[in-house]
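Participant: sequence and predicted structure below; questions after.
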Amino acid sequence: MIYNTVTTTLRQSIRLAGLRTSPAFLAAFGVLLITVIALFTAPYIGMADNGDYFRNIYSNGLYFSQPDYDSQYFGYFVKHFGIYQYFNENGATLDSSQSIFIKLAIGLNKLLFSSTVFDIRFQAAIYTLLYVLAVYLLVEAITCRMTRKQGMLCALVAVFVFGDTGYTAYFNSFYSESIVLIMMLYVFAAWLLLYRKRYNDYFLLALFLISGLLLTTSKQQNAPVGIILAVLGIMLFWVRRDRIFRGLTLISLILLMTSGVLTYLNISKEFVNINQYHAMTRGVLKDSANPETSLKSFGIDEQYAILKNNIYYEQYGTVDVNSPLLEKEFYSKYGFVSILKYYLANPDQFSSILDVAAQSAFTIKPAAMGNYEQSAGMDFRAQSHFFALYSLLKGILAPKTFGFILLWMALVIGLYMPSFIQALKARDPRGMQRMALIVASMAVGLSGIMVSIIGAGDADISKHEFLFTLAFDLVSVLAVSGVIGRRVSGSREPAAGVAPRMQKVQKGVSA
Amino acid sequence: MSSCRRNLLLPLLLMALLLLPAAPAGATGQASAEQPRVLLLYDSLASGTPRGGNIPELQRQLAAYHMQVTLISLNHYEQGAMKGFSNVITVINDRELAVSKAAEEDIAGYKGQYLHVGYNPPDVMKQAMKLNTGMIAEESAKLTFGLFREESLMLRQVPYIAASSAERAYGSLSLTGSGTEVPYAVSSGRFTYVPYLEAGNAGKLAMLEVLKDWLGAGAPAQTYLVIKEIYPFSDLALLEELAGRLYEAGVPFIASVRPVFSNTDFPAMQRYLEALKAVQSKNGSILVNAPVVMPSINSSDLTLNGKMNSFLNLLADNGIAPLGMGADISWTYDKEYAAAGMSFFDSVVLFQDEDVIHREETNVSTAFASSLYSVTPEFLSGLKHEGKAVPQLPADTAVTVNLPEDKAGLEALLQTVNSYWITFADYKQTGHKVVTDTYTVDSAGGVIRVNGSPINVDYMPEAVSSDFEYQEEQYQSFKALFSVQNKFFIVVIAVALLLFGVLLTVGYRLYRKKY
């Protein structure tokens, strides 16, 4: 086999603006440049509020300060909010790791800008810096064993995908997707770097743990993420032989599992009415051949069949989603577990709703929310197309069936299987990490789809499936980079320490 | 009648006849030209004080007398704005505030009826009525009004009429500490003064009486029983039972039913319609309740009119005759809701606001020919009165109750209704009109007509089958073509098989001949 790589790729770089630049630096700089232009120069790009903000901001000491805020729901991005000057009587309505970042941004805002007005761009600045660092680590993990040319090509692919404003527009919003995006990148990068044996293993384990915890607790729907990371992360246990590392790995996995379980328990408590409403009207009842029978199976009055396909966001309706009547006769009769059981008992219906879910599984930026401020003079719900080619193409070109998702999973796993088997035969636990990471990412993505369907039916699905679309992109970028590096199977660079075993040739190929 | 008057009357009648056809067909009761327009000025909403809520209360009371109200904060009052109004009310809720200079000058020159509520009546009024006011620091009092009274009222920082030369006094306020008895309100010429209006006690009713006189609403008032919170997923059997029990007790009632805009062909909807038919047959009049407005305000949603029209048509298609609408008062202060949602009706029951979500808020209300003032059973129970029966209320009133949740609630409701000793009026005895794109429903003298023909409200229960095809069959493109194609291939294959068989036979014979 011919290895189209060199051993000294870490030092390989090109001159950019007079500086010697690695692919990781190029990717990070590219993403930074694009994000700064998009989020910090007029017209500012952000996300309009779909009604979720109040849950995130009031408990953190912010409030809607604009008198016409209500008229901007869904349509326009708002960048200024009020900071509570007196005692905040709003208890935490949501226990999310997002609060840490909001509070940090408020502190920075008070220090540099105002103690009464909060500019959301301070939060965007924090997210951007974290994100750029995550992109750096990710591209470093992907390209650290590649030739210069291959590395640069992969860096461009990474910029094309992760610089897309479909992703970064979330930074100028209070949606927890920002944390999901950044932390998922860190988890992926940390695990991949462990596989590459790049940087210190202990540092990477710490990074994996912290980002995994922040990711799991960022959103109630992410409860399975902690559990998946804890289960598949067991593979990390054998990466090193020393007791300290193994002990720390075990503690990390227990912490991740605990955070997942605690977040799940929080779901049961905080399964908000809108989502619970949609879970039934846009989920169970949606494709049910007989909604009355379905309702009876939950012990709900069959008359509620009238709510089939109803959506909270319709302006005029029959019943208030928060009415005591629904609380007593409807919501109290079902929950996350009973809906899961229902789908397991009705696989046909589950399969058909999975196809519905697949329709939106490749959307990064939901069309329902506008990206511009009202003052920018754009239409209500106007979407920005600045550096959004990837999200646009992905939304248009990806085959939107669950079958395709299964096919993609089979293809990627098939591609990496030989290298995994090789590592298994060689009893090289570090070499097995890539497959574990890919399977974990896929499982995390699938959990995003499942939780969306069970938790809120097909309503808001393109936003709820963010985790899948992100996992898809991470795994796909890794696979494409593998193809670019011609090292998808069997040619893994096992670790820096064992490099001599796999001697590189053709140094001059990409020179 | 003098010849001068006759000369004036004739052109007026002719003008009225000419203008009559110009009224919009659907909005028959809304803001007709002859209705007096009332300007309601206020200094503050007094939220969090005992006077909080008195402005919305006044809005509801004025609506009950079919007034079109223009609500303006004194801060935004522009000089000369009173000219276009037949009646003006100013409410001063804060004792530190007074009528603005511009408004005071206008009041001095104003020719219409002026009513002042609360603190600091204008000087011109004080002079005209020789009005002298005092201040109750903190004292308990008894308010007596006609046959109603409320005892042990706790008044704090409330002005009272110490002396006046007014021609007419309304009710009396007895201060228990000092033993002083003062009028609740006074009126003289174009001025009327009500020093005290706090929501939640007999003062509301006293105000209603003052307004009746002030606005010259002389028609005798009726009291109706309204049942609301009726959903398609309410206990429909309980609803029918309640209707039956009220019918047996000789109590006519109004059911304000929640509209349904989707899945109206489902068996569940058919069961809902059947229940409403049963209600109608038990002397129940049907009102359509305003739909729930979701908080996600979407300025591009223009579906309200179409949705309401469809639901009204659906009711009429099924022999159910809606006679009006039940809505929160805020709906009459919203251009979109009034134009798109209420324009079908000339009759409404206006409830107290619960969750206010405006679409296109306006400060000018829409008035209706028939508009019931809604009160709760708790409000009625809180009133003390002479005699066993609740005396007649000043305005057309709807005693509004929620549909009970269970049998115990039903029994309690019936007991409460009986305890009032009120003769509830039959809604369809008076004129109401609902106009959709297909139907005109109207009532008068107990008869309901749909497109001019009286409807039979008798009801024969019909079982609703649960067999329903919820999932539409998948549309198959070129179904006929594929069908022909299938037949064609069957023939081709059959012929081919036959031919193959023949050839096989011929071949076998040739083989046999050869060997």
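Facilitator: Now that the structure is in, tell me what you want to look at. Numbering: from 1, shown residues only, chains lettered A, B, ... in the order given.
Participant: okay, now B:Val502: neighbour count?
Facilitator: Neighbour count of B:Val502, defined by other Cβ atoms under 10 Å in any protein chain shown: 10. Yep, even glycine has a C-beta here, placed from its N, CA and C like the rest.
Participant: just checking, what packs against the host helix or strand of A:Phe25?
Facilitator: Counting by DSSP states H and E, the element that carries A:Phe25 is helix A:23-40. Of the remaining helices and strands, those touching helix A:23-40 by 3 or more Cβ pairs under 8 Å, 6 or more residues apart in numbering or on different chains; DSSP states H and E are strand A:14-16, helix A:121-143, helix A:148-162, helix A:165-168.
Participant: which is the next helix or strand following that helix?
Facilitator: Toward the C-terminal end, the helix or strand that comes next after helix A:23-40 (DSSP H and E) is helix A:53-57.
Participant: that older thread, list the buried residues in the helix holding A:Phe25.
Facilitator: Across helix A:23-40, burial judged by 16 or more other Cβ atoms under 10 Å in any protein chain shown covers A:23-32, A:34-35, A:38-39.
Participant: with stretch B:348-362 instead?
Facilitator: Going by 16+ other Cβ under 10 Å, stretch B:348-362 has these buried residues: B:348-353, B:357-359, B:362.
Participant: got it, and stretch A:242-256?
Facilitator: Across stretch A:242-256, burial judged by 16+ other Cβ under 10 Å covers A:245, A:248-249, A:252-253, A:255-256.
Participant: can I assume B:Glu150 sits in a helix?
Facilitator: No: B:Glu150: not assigned to a helix; according to DSSP: H, G, I helix; E, B strand; the rest coil it is strand.
Participant: wait, what's in contact with it?
Facilitator: The contact partners of B:Glu150, taken as Cβ atoms under 8 Å, 6 or more residues apart in numbering or on different chains, are B:142-143, B:201-203, B:382-384.
Participant: now do A:Ser288
Facilitator: If a contact means Cβ under 8 Å, 6+ apart, then A:Ser288 has A:294, A:308, A:346, A:349, B:470 as its contacts.
Participant: so where does the residue of the stretch 301-450 of chain B found nearest chain A fall, helix or strand?
Facilitator: Proximity to chain A, evaluated over the stretch 301-450 of chain B using Cβ to the nearest Cβ, is greatest for B:Asp301 at 4.2 Å. Assigned by DSSP H and E, B:Asp301 belongs to neither a helix nor a strand.
Participant: what is the burial count for A:Ser419?
Facilitator: A count of nearby residues for A:Ser419, using other Cβ under 10 Å, gives 21.
Participant: brain fart, A:Ser114
Facilitator: By other Cβ under 10 Å, the residues close to A:Ser114 number 12.
Participant: assign residue 418 to helix, strand or coil.
Facilitator: If you meant another chain, say so; for now it's chain A. When the structure is split into helix, strand and coil by three-state DSSP, A:Pro418 lands in helix.
Participant: if I look at it, what pLDDT would I see?
Facilitator: If you check A:Pro418, the pLDDT there is 91.
Participant: rewinding a little: go through the buried residues of stretch A:242-256 and say which is closest to chain B.
Facilitator: Closest approach to chain B among those (Cβ to the nearest Cβ): A:Leu256, at 35.9 Å.
Participant: wasn't B:Ser187 part of a helix?
Facilitator: No: for B:Ser187, which was evaluated using three-state DSSP, the result is strand, with no helix membership.
Participant: surely it is in contact with B:Ala166?
Facilitator: Yes: counting by Cβ atoms under 8 Å, a contact exists between B:Ser187 and B:Ala166, whose distance comes to 5.9 Å.
Participant: between those two, what contacts are shared?
Facilitator: By Cβ under 8 Å, 6+ apart, B:Ser187 and B:Ala166 have these common neighbours: B:Tyr193.
Participant: so, low pLDDT: which residues of the stretch 401-515 of chain B?
Facilitator: For the stretch 401-515 of chain B, the stretches with pLDDT under 70 are B:472-486.
Participant: how about the residues of the stretch 151-300 of chain A by chain B?
Facilitator: Residues of the stretch 151-300 of chain A found near chain B (Cβ under 8 Å from any Cβ of the partner chain) are A:287-292.
Participant: buried ones among those?
Facilitator: Members of those that pass the buried threshold by neighbour count (16+ other Cβ under 10 Å) are listed as A:287-288, A:290-292.
Participant: nearest to A:Asn322 among those?
Facilitator: Proximity of these to A:Asn322 was ranked by Cβ to Cβ; the top entry is A:Pro291 with 22.2 Å.
Participant: which strand residues bridge the nearest residue to B:Phe85 once chain neighbours are set aside?
Facilitator: By the measure of Cβ to Cβ, 6 or more residues apart in numbering or on different chains, the closest residue to B:Phe85 outside its immediate chain neighbours is B:Leu39, 4.1 Å from it. With DSSP bridges applied, the residues forming beta bridges to B:Leu39 are B:Thr70, B:Val88.
Participant: contacting residues for B:Leu39?
Facilitator: Contacts for B:Leu39 (Cβ under 8 Å, 6+ apart) come out as B:69-70, B:72, B:81-82, B:85, B:87-89.
Participant: one step back: out of the buried residues of helix A:23-40, which comes closest to B:Pro220?
Facilitator: The nearest one, if we look at these relative to B:Pro220 and count by Cβ to Cβ, is A:Leu39, at 68.0 Å.
Participant: separation between the residue lying closest to the closest one once chain neighbours are set aside and chain B?
Facilitator: Excluding the flanking residues, the one nearest A:Leu39 by Cβ to Cβ, 6+ apart is A:Ala124, at 4.9 Å. With the distance defined as Cβ to the nearest Cβ, to the nearest Å, A:Ala124 ends up 25 Å from chain B.
Participant: wait, A:Ala124 sits on A:Tyr170?
Facilitator: No: if you go by Cβ under 8 Å, A:Ala124 and A:Tyr170 don't touch, sitting 9.2 Å apart.
Participant: okay, and the common contacts of the two?
Facilitator: When contacts are counted by Cβ under 8 Å, 6+ apart, A:Ala124 and A:Tyr170 have no shared neighbour.
Participant: wait, a strand at B:Lys228?
Facilitator: Yes: checked against three-state DSSP, B:Lys228 lies within a strand.
Participant: how many residues are close by the residue in the stretch 401-511 of chain A that chain B sits nearest to?
Facilitator: Using Cβ to the nearest Cβ, the point where the stretch 401-511 of chain A gets nearest to chain B is A:Asp460, with a distance of 11.5 Å. The number of residues packed near A:Asp460 is 23, by other Cβ under 10 Å.
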